[in-house]
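>>> here is a sequence with its predicted model. Questions after.
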Amino acid sequence: MTAVEEAKQSVIQAGLKLLEYGLIARTWGNVSHRVDGGQFVITPSGRDYRSLGPEDIVTVQISDCSYTGSIKPSSEKGVHAEIYKRFPDVHFVIHTHQEYASVISACHINAIPIDDGLLAGQVLCGAYALPSTKKLQRNVANTLARTSNRAIILKNHGAVCYGANDMEAFKAALELDSACRQYIDDTYKSLTGEPEADPAQLSCFALGLCHTASKYDEALADHKLHHSRRLEDGFVLFDDSGTEIQVRYDELDAGMPEEAWVYQQIYRSHKQINHIRWSGIPEIIAFSHTGQPLKPLLDDFAQLIGTSAKSMELSPSEISAALKKSSAVIIRGKGALCCGSSYDDALAVGMVLEKNGKAHIGAKLLGRVKPIHYLESLLMRLVYLKKYSKQSAVTS
């Protein structure tokens, strides 16, 4: 096996590892490996990491990002090139949408301090720009010029972590997420005097819902909704334990869980929706009590969910109407419903919505919430629907 072939295999394995660790969802994020001749190999654009073979990994010139062949490299290849230009000793780069670095990316801060470890010092936050643009590449270059650390945070987007090899790059990514979470927790404890940062208490404090926090466990027990999947003549309701209730469209009655009527309306009105996931994590339950729509603080929310997830009661007609322009809705006091054409799609919607909810709470805790501009969010949504969602369905 040649050095390039080994590098491609390393990139494929790293992509699978990113999924396993929950550092990326769906086709987001990208991985590259420097090779000889002023080049690097990188994951392709908009492809599911589980489908990749060596023939799908693209060789790119560091100097000008040119490449040969019919497979397009990741649209963030320019970001990787800037890192290889800045740090000759770096041979592996991973761009992630990892949870807590993404939360920090949505906050009104320019850097986070880290006391020890690989990233000891400061991790800088680069200025925002739309993904896959020359402006983002320039912003990354400007940020890299001001740091010698092994990671930077991309505003409203995610993070880039890098190292001499894949192990060092992954170490940077894991240490970064731990440090970002610690920063949020420490801020909460400093503001409140609490010894621990309970997610429900932190969320309610940040959102000004202190009366809700003490009743969180009771409210959650009362308001758990079922997940669902479509059947030929109806649908299944199921919970996290795997207990199932099969429902036929002509057998709905007053004894059914209230969400069954909502799911029936969704399946009848939206032929592309086959799976529905309920999100009931503390942050989303807390946010659902605000009665506000959840707006994009992160690029992947704008792409996968839309310009907002509206807030409403558990009304079949209102929820079905809202899903014409979004893949998720906030249910007041009860969490959120996340929809997709497949189980994986619905799971990805849920993962991105929950991360965006945490970003809203983190931004509120650390100062102010500033969503991505509506027109930028709309543009990202349209590009995703027309381009990346089709590419992600391609398998090797």
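Structure received. Residues are numbered from 1 along each chain as shown.

>>> go ahead and confirm residue 7 touches residue 37.
No - here residue 7 does not reach residue 37: they are 11.7 Å apart, not a contact under CB atoms under 8 Å. For the C-beta atoms, the positions are set from N, CA and C on the backbone; glycine is no exception.

>>> looking at those two, which is more packed in?
Counted by other CB atoms under 10 Å, residue 7 and residue 37 do not tie: residue 7 has more neighbours, with 26 against 10.

>>> can I take it that the more buried one is in a helix?
Yes - assessed by DSSP: H, G, I helix; E, B strand; the rest coil, residue 7 belongs to a helix.

>>> tell me, how many residues neighbour the nearest residue to residue 380 once chain neighbours are set aside?
Leaving aside its sequence neighbours, residue 380 sits nearest to residue 302 (CB to CB, 6 or more residues apart in numbering; 4.3 Å). For residue 302, the neighbour count with other CB under 10 Å is 30.

>>> residue 302 reaches residue 373, doesn't it?
No - the criterion here is CB under 8 Å, and residue 302 misses it with residue 373 at 9.8 Å.

>>> what residues go with each domain of the chain?
Domain ranges of the chain: 3-191, 199-391, per automatic domain parsing.

>>> pipe those domains into JSON lines and attach mean pLDDT per row.
JSON lines is the format used below for those (pLDDT from 0 to 100):
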{"stretch": "domain 3-191", "mean pLDDT": "95"}
{"stretch": "domain 199-391", "mean pLDDT": "92"}
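
>>> what helix or strand is the residue positioned nearest the centre of the chain located in?
The C-alpha lying nearest the average C-alpha coordinate of the chain belongs to residue 352 (CA atoms, centre = their mean; 3.9 Å). Assigned by DSSP states H and E, residue 352 belongs to helix 343-366.

>>> after that helix, which helix or strand is next?
Proceeding N to C from helix 343-366, the next assigned helix or strand is helix 374-383, under DSSP H and E.

>>> got a list of contacts for that following helix?
130-131, 295-296, 299, 302-303, 306-307, 371 (CB atoms under 8 Å, 6 or more residues apart in numbering).

>>> so what's the residue nearest to residue 56 when sequence neighbours are not counted up against?
The spatially closest residue to residue 56, leaving aside those adjacent along the chain, is residue 44, at 5.2 Å (CB to CB, 6+ apart). Contact analysis of residue 44 by CB under 8 Å, 6+ apart lists 52, 56-58, 71-74.

>>> pairing partners for residue 44 in the sheet, please.
Using DSSP bridges, the beta-bridge partners of residue 44 come out as residue 73.

>>> cool, residue 276 as well?
Taking DSSP bridges, one finds residue 228, residue 339 as the beta-bridge partners of residue 276.

>>> how about it, what does it touch?
By CB under 8 Å, 6+ apart, the residues touching residue 276 are 227-229, 263, 266, 337-339, 346.

>>> let's have the residues you listed in TSV, adding neighbour count and distance to residue 3.
Output for the contacts of residue 276, formatted as TSV (neighbours: other CB atoms under 10 Å; distance: CB to CB, whole Å):
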residue	neighbour count	distance to residue 3
227	23	46
228	29	49
229	18	46
263	30	53
266	22	51
337	30	48
338	28	43
339	26	45
346	25	41
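
>>> which one of those sits closest to residue 236?
Using CB to CB, residue 229 is the member of those that sits closest to residue 236, with 5.2 Å.

>>> got a list of what the closest one touches?
Applying CB under 8 Å, 6+ apart, we find residue 229 in contact with 235-236, 238, 274-276, 343.
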